[in-house]
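J.: with the sequence up front, the predicted model follows.
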Amino acid sequence: MPAVYAEELQTKQDSVPSNLKLRNALIIGGGATLVMAYGFSNWWQSGLGGGFQTTNEGWFGAGTPFGGADKFGHLYANYAGVRLLTPLFEMAGNSRDSSVSLALWSTLGVYTAVEVIDGFSRKWNFSPQDALANLGGVLLGRALETHPELDAILDFRLDYRRSPRSPDFDPFGDYSAEKFLFVVKADGFPALRENRYLRYLEIAVGYGTRGYGSTEKHYRDTYVGLSLNLARLLADTVYDGHMHSTAFQRGTDRLFELVQFPTIAYGRWTAD
């Protein structure tokens, strides 16, 4: 082995924390515990029992249980899991590639376990559509984590505004209060980034439902919106034009990538 290569390899080995496996286990275990605790307090209150049951829920039809909003919920939850866990695994001392891989498999593993528990629960059944949406979510998260040029252009966000019929704050189950948005950012295009006004604009296309899970008439809605790029605005006003320059800024940038704040004007088209 050449001396230079051996020295580089030794440097990489020395930079890996001795308790890296423990750190990774704590991240995975902590995330799994949060999801399972929420599940047993909200999804599986009726308990488990009987054999393993499956169901064909369909996708986005008017006659499906939630008009497809739940499928977007699965897609988003798994996407967000990859986007949130990747930087945590990096902070723990993993390489970039290892962090993305750990985030993908741990997120998919936890939400697959949720689907299996659904199969044994008294209220729900295992849904192949939910499982496929989970897979799509982690793959989308991986694509944006591994392609910075795509990440600069595209966000997948949740817009949650508590609906009047919901007494509680429930962004994971109140589908009538949710919009799932794919957002294209002008700042991701070099020519538009140079324009002092256009660089702050975003175009969003989204989907949401209203009235499902209640006695109300239900609707499936598509949205087109125009919003402000809060990450770019913060960078230009506080960080001298620099993106992702500090740990705090990277945290706010990730928040703005995942959550749509009320800086958007919508047009809505109702399917039914």
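T.: Sure, I can see it.
J.: against which helices or strands is the helix or strand containing Q129 packed?
T.: Assigned by DSSP states H and E, Q129 belongs to helix 128-146. Secondary-structure packing of helix 128-146 (3 or more Cβ pairs under 8 Å, 6 or more residues apart in numbering; DSSP states H and E): helix 69-92, helix 96-120, helix 148-151, strand 154-160. Where C-beta positions appear, they are placed from N, C-alpha and C, glycine not excepted.
J.: can you tell which of those is closest to G29?
T.: helix 96-120 (9.5 Å; Cβ to Cβ).
J.: buried residues in the closest one?
T.: Within helix 96-120, the residues that count as buried by 16 or more other Cβ atoms under 10 Å are 98-100, 102-104, 106-108, 110-111, 114-115, 117-120.
J.: give me the helices and strands touching that helix, please.
T.: Checking 3+ Cβ pairs under 8 Å, 6+ apart, helix 96-120 ends up next to helix 20-42, helix 69-92, helix 128-146.
J.: how far does the helix holding Q129 sit from its chain's centre?
T.: Computed by Cα atoms, centre = their mean, to the nearest Å, the chain-centroid distance of helix 128-146 equals 9 Å.
J.: just the C-alphas of it, formatted as CSV.
T.: C-alpha atoms of helix 128-146 as CSV (Å, rounded to 0.1, in the frame of the first residue of the first chain):
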residue,chain,number,x,y,z
PRO,A,128,-49.7,-2.2,0.1
GLN,A,129,-50.4,1.4,-1.2
ASP,A,130,-49.1,2.8,2.1
ALA,A,131,-46.0,0.7,1.9
LEU,A,132,-45.3,1.8,-1.7
ALA,A,133,-45.8,5.5,-0.7
ASN,A,134,-43.3,4.9,2.1
LEU,A,135,-40.8,3.6,-0.4
GLY,A,136,-41.4,6.5,-2.7
GLY,A,137,-40.8,9.0,0.1
VAL,A,138,-37.4,7.6,1.1
LEU,A,139,-36.3,7.4,-2.5
LEU,A,140,-37.3,11.1,-3.1
GLY,A,141,-35.4,12.1,0.0
ARG,A,142,-32.3,10.2,-1.1
ALA,A,143,-32.5,11.8,-4.6
LEU,A,144,-32.5,15.3,-3.1
GLU,A,145,-29.8,14.5,-0.6
THR,A,146,-27.5,13.1,-3.2
